[in-house]
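Visitor: mind looking at a prediction? Sequence and model below.
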Amino acid sequence: MYIEREPKVRKKNRLSGYDYSSAGCYFITICVKDGHEILADIDVGANCVRPSLSGAGAVIESQIHALSEIYEQIYVDKFVIMPNHIHLMIAIINDEPTQFAPTISRIIKQFKGSITKKIGFSLWQRSFHDHVIRNEAEYRQIWQYIDENPARWREDRYYVQM
């Protein structure tokens with residue numbers, strides 16, 4: 001017996017009608033496909049401040065630093081590379097918006113693509129999560145979250161106990 005099912009509809013990740021090339025700060029999370037912990041190691045027994053990066057993690061770090069060279073209108077304000085995901089705070093400074101201003105989606109697509117090209121295969125889960133940082137209090141809270149993320153790895157929703 002064949003049961004016809006409705007096609008799976010993907011949930012929209014972006015705010016409807018929001019201009020993701022507008023000046024502001026964005027909190028981005030990008031995950032490794034299937035949750036594989038291949039970007040870094042964290043010593044969960046110690047109070048880890050900075051994960052030990054793998055080869056792929058080191059490539060990602062270099063590409064994070066290259067983003068502001070590729071896109072003059074942006075800078076990465078804060079980031080952390082975790083074993084199976086990364087967090088970024090990306091600031092867009094559009095003093096003079098142009099027709100070709102980069103959007104967060106374009107920036108992340110280029111970023112993921114450049115890493116895939118450098119390491120020879122795709123690490124990434126489809127899409128990414130974003131949050132528009134709306135005020136100073138959110139900014140400080142997210143900064144602290146990124147800063148403390150390695151030390152709280154066991155409590156992280158992406159942590160998989162082996």
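Guide: Yep, it's here.
Visitor: isn't Lys78 right up against Gln144?
Guide: No. Using CB atoms under 8 Å, Lys78 makes no contact with Gln144, being 9.7 Å away. Using the backbone N, CA and C atoms, a C-beta is placed for each residue, glycine as well.
Visitor: these two: which is more packed in?
Guide: Shown here are Lys78 and Gln144; by other CB atoms under 10 Å, Lys78 has more neighbours (18 against 11).
Visitor: need the contact list for the more buried one.
Guide: Contact partners of Lys78, counting by CB atoms under 8 Å, 6 or more residues apart in numbering, are Leu88, Met89, Ile142, Trp143, Ile146, Asp147.
Visitor: neighbours of the first one, how many?
Guide: What that stands for is Leu88. 24.
Visitor: same check, this time on the second one
Guide: When counting by other CB under 10 Å, one arrives at 21 neighbours for Met89.
Visitor: quick check, it in a helix?
Guide: No. Counting by DSSP: H, G, I helix; E, B strand; the rest coil, one finds Met89 to be strand, located in no helix.
Visitor: tell me how far it lies from Phe27.
Guide: Plainly put, Met89 is 6 Å away from Phe27 if you go by CB to CB, to the nearest Å.
Visitor: residues shared between the contacts of those two?
Guide: Common neighbours of Met89 and Phe27 are listed as Ile133, Ile142 (criterion: CB under 8 Å, 6+ apart).
Visitor: can you pull out the helices in this protein?
Guide: With DSSP state H as the criterion, the chain has helices at 55-70, 104-119, 136-148.
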